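Asker: Mind looking at a prediction? Sequence and model below.
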Amino acid sequence: MSLFGGGRKDDPFEPGKTERENQQKKAEERGDGDPSTKPSTARVVIWVVVGAIGLYLLGSGIWGIITH
């Protein structure tokens, strides 16, 4: 989308709409349903890594309490 409203005519974004709204509209047109119901792979990886670190800290804390 151009800053001044000109530019290419095949602009995929409607003015005044967010990228998420535009993606939802495209998904509805294709019949995919709501794309926001499925988390991205990067988000899943981040949560797995954060969960693993949290479990390590929790486990090491419990182990430290038991052995000390």
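Answerer: Thanks, I have the structure now. Numbering: from 1, shown residues only.

Asker: Now do the same for P39: helix, strand or coil?
Answerer: Going by DSSP: H, G, I helix; E, B strand; the rest coil, the secondary structure assigned to P39 is coil.

Asker: Now for it: which residues touch it?
Answerer: By C-beta atoms under 8 Å, 6 or more residues apart in numbering, no residues touch P39. (Each C-beta comes from the backbone N, C-alpha and C, glycine too.)

Asker: Check which residues of the worst-scoring helix or strand of the chain on mean pLDDT are buried.
Answerer: Taking mean pLDDT, DSSP states H and E as the measure, the chain has helix 19-30 as its least confident helix or strand, at a mean of 78. Within helix 19-30, the residues that qualify as buried by neighbour count (16 or more other C-beta atoms under 10 Å) are Q23, Q24.

Asker: How far does the helix or strand just after that helix sit from its chain's centre?
Answerer: Tracing the chain C-terminally past helix 19-30 and defining elements by DSSP states H and E, one meets helix 41-67 next. From the chain centre to the centre of helix 41-67 is a distance of 21 Å (C-alpha atoms, centre = their mean, to the nearest Å).

Asker: for stretch 24-42, same thing?
Answerer: Between the centre of stretch 24-42 and the centre of its chain there are 12 Å (C-alpha atoms, centre = their mean).

Asker: gap between the two ends of it?
Answerer: The straight-line separation of the ends of stretch 24-42 (C-alpha to C-alpha, to the nearest Å) is 19 Å.

Asker: from the middle of its chain, how far away would the least confident helix or strand of the chain be?
Answerer: The chain centre lies 15 Å from the centre of helix 19-30; the measure is C-alpha atoms, centre = their mean.

Asker: Got phi/psi on P39?
Answerer: With angles defined as degrees, to the nearest 10, P39 sits at phi -70, psi 150.

Asker: What pLDDT does the model give it?
Answerer: Confidence at P39, expressed as pLDDT, is 83.
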